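J.: Got a predicted structure here, sequence first:
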Amino acid sequence: MKKRSLLAAALLLLGGCAAQPGGGGLEPSATPADSDARARAKVFTELATAYYARASYKVALEELRKAILIDNRYGPAYNVFGLIYMELAEDKLAEENFRRALELDRTDSEARNNYGWFLCSRGRYDEGLEQFSAALRNPLYAQPELAMANAGECAERKGDLALAEANFGKSLKLQPDNPNTVLRMAALRFRQDRLPDAQRLLARYEELSPPTAASLWLGVRVERKLGDRAQEAAYGLQLRKRFPNSSEAGLLQSGQYE
């Protein structure tokens, strides 16, 4: 999962969704003082999430430290800690914080989704898929399509293309116009050598989102296999002009199409 998907989940905090049942809310016996501490911790966590969105990780960490100093049992703060440490490649700290978030609230599907992606991105595919499954068992999970799409990419990385296809399909049923998932499915269809389907999905992606280096590179390879040299060249030209320093442009330059 790219950072954009992680960010989409994290930004639910900013929309006030972190206090849903099973999402780090207060116990029924909470006192007014407890409630005030939780509210203040939530504000600092929201600030940290905004800084995370801008890649201002140092400031985000400072805000999170304030949050847990006020309320060290506020699970969403540890979830965002995990996201930041994952970006910083501090794997031990990332895992510790995701686990802490889940110790505090085992039904926190946002934390499970993010922890699942952390595990998959580190090659621990089966463990990651277990986390996605656990996230999806929560009927109150606000964005199940994210976990489904991430499970699809995790399964594809593992080499289980049938499971990948099933998960991408479920995600698209819930959110058919998500450009990231459409592109993921297009790339899977290319890998399966289902080229007309890949071409159709890529065209759909282009209706939904501006081109990226990844989408243009996929277009080059799809059209190359289909034998449409003019369209292949058009994609290649866009890739070189728009993203000249991308790894995809480098692959194009060196002719590494596979």
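T.: Yes, it's here. Numbers count the residues shown, from 1 in each chain.
J.: Could you use CA atoms for every contact and neighbour count after this?
T.: Noted.
J.: How about the contacts made by residue 126?
T.: Residues in contact with residue 126 (Cα atoms under 8 Å, 6 or more residues apart in numbering) are residue 120.
J.: Which residue comes closest to residue 178 once chain neighbours are left out?
T.: residue 172 (7.3 Å; Cα to Cα, 6 or more residues apart in numbering).
J.: That neighbour: neighbour count?
T.: Other residues lying near residue 172 total 19 when counted by other Cα atoms under 10 Å.
J.: Now do the buried residues in the helix or strand where it lies.
T.: Residue 172 belongs to helix 161-174 when assigned by DSSP states H and E. Within helix 161-174, the residues that qualify as buried are 161, 163, 164, 165, 167, 168, 169, 170, 171, 172, counting by 16 or more other Cα atoms under 10 Å.
J.: How far does it sit from its chain's centre?
T.: Its chain's C-alpha centre lies 15 Å from the corresponding centre of helix 161-174 when counted by Cα atoms, centre = their mean, to the nearest Å.
J.: how many other residues sit next to residue 99?
T.: 20.
J.: what's near enough to touch it?
T.: So residue 99 contacts residue 115 (Cα under 8 Å, 6+ apart).
J.: Model confidence for it, exactly?
T.: Residue-level confidence at residue 99 comes out at 98, pLDDT.
J.: gap between it and residue 140?
T.: Note on residue 99: its distance to residue 140, by Cα to Cα, to the nearest Å, is 20 Å.
J.: do the same with residue 86
T.: Distance check for residue 86 against residue 140: by Cα to Cα, it reads 26 Å.
J.: Between these two, which has more neighbouring residues?
T.: Legend: neighbour count by other Cα under 10 Å for residue 86 and residue 140, higher for residue 86 (21 against 16).
J.: Now do the same contact list for the more buried one.
T.: Per Cα under 8 Å, 6+ apart, neighbours of residue 86: 94, 118.
J.: average pLDDT for the helix or strand hosting it?
T.: Following DSSP H and E, one finds residue 86 within helix 75-87. For helix 75-87, mean pLDDT rounds to 98.
J.: got it, and stretch 164-175?
T.: 97.
J.: Now residue 157: which helix or strand?
T.: Per DSSP H and E: helix 144-158 holds residue 157.
J.: Could you pull out the buried residues of that helix?
T.: 144-156, 158.
J.: Run through the stretch 1-150 of the chain and note the low-pLDDT ranges.
T.: 1-33 (pLDDT under 70).
J.: does residue 73 sit in a helix, a strand or a coil?
T.: Three-state assignment for residue 73 (DSSP: H, G, I helix; E, B strand; the rest coil): coil.
J.: Assess the claim that it and residue 104 are in contact.
T.: Yes - the pair residue 73 / residue 104 is scored as a contact, 6.6 Å apart, by Cα atoms under 8 Å.
J.: contacting residues around the residue nearest to residue 178?
T.: For residue 172, the contacting residues are 145, 178, 181, 182, by Cα under 8 Å, 6+ apart.
J.: quick one: it from residue 166, how far?
T.: Distance of residue 172 to residue 166, computed by Cα to Cα: 10 Å.
J.: Off-centre distance for the helix holding residue 86?
T.: With Cα atoms, centre = their mean, you get 13 Å for helix 75-87.
J.: the longest helix in this structure is where?
T.: Ranked by residue count under DSSP state H, the longest helix found in the chain is helix 32-53.
J.: No further questions, thank you.
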